[in-house]
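1. any chance you can model this:
(3 chains)
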Amino acid sequence: MEAALSLLEEVRRIVDAVPSGQVITYGEIASLVGVHPRQAGRLVARLEDDSPWWRVVYSDGSPATCHDGAARTLLREEETPMCGERVDVRRLLEQRRSS
DNA sequence: CGGATGACGACAC
DNA sequence: GGTGTCGCCATCC
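-> Now for the predicted structure:
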């Protein structure tokens, strides 16, 4: 049934569902929508700028290279658990599990 | 129609 | 732990 929704709309719903201080990886989105990571990145890029695209990070926790690193600043303002310049993915997973 | 490109991921060194 | 390379798929020229 979800298949009736466009992949772009599915991705948008997933990204929009990510709370502040939390992040999601492209691989997670790709797995959720059932597409390859490359396509997941393409879909996120095609999302409207009003969606929290900065909460979408790489599998290693590094923020998207786009927007001249603006994602890093936004994540920091969101009190996202960071490890230097990278998001502490391990801690995010644990926090998500505790949620 | 063919080749190059890109908001990625996993693997090898 | 960091860097480099390949694979995969859709879109652009």
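
2. all contacts plus neighbour counts: C-alpha atoms, from now on.
-> OK.

3. so residue A:51, which of the three states?
-> Classification of residue A:51 using DSSP: H, G, I helix; E, B strand; the rest coil returns coil.

4. OK, contacts around it?
-> Shown in contact with residue A:51 (CA atoms under 8 Å, 6 or more residues apart in numbering): A:12, A:15, A:16.

5. how about residue A:48?
-> By CA under 8 Å, 6+ apart, no residues touch residue A:48.

6. helix/strand/coil for it?
-> Under three-state DSSP, residue A:48 comes out as coil.

7. so it versus residue A:75, what's the distance?
-> 18 Å (CA to CA, to the nearest Å).

8. in which helix or strand does the closest residue to DNA strand C within chain A reside?
-> Closest contact between chain A and DNA strand C, by CA to the nearest atom of the strand, is at residue A:38 (5.1 Å). Per DSSP states H and E, residue A:38 falls inside helix A:37-46.

9. buried residues in that helix?
-> A:37, A:39, A:40, A:41, A:43, A:44 (16 or more other CA atoms under 10 Å).

10. element containing residue A:96?
-> Assigned by DSSP H and E, residue A:96 belongs to helix A:89-98.

11. is any part of that helix close to DNA strand C?
-> No: judged by CA under 7 Å from any atom of the strand, helix A:89-98 stays clear of DNA strand C, getting no closer than 10.9 Å.
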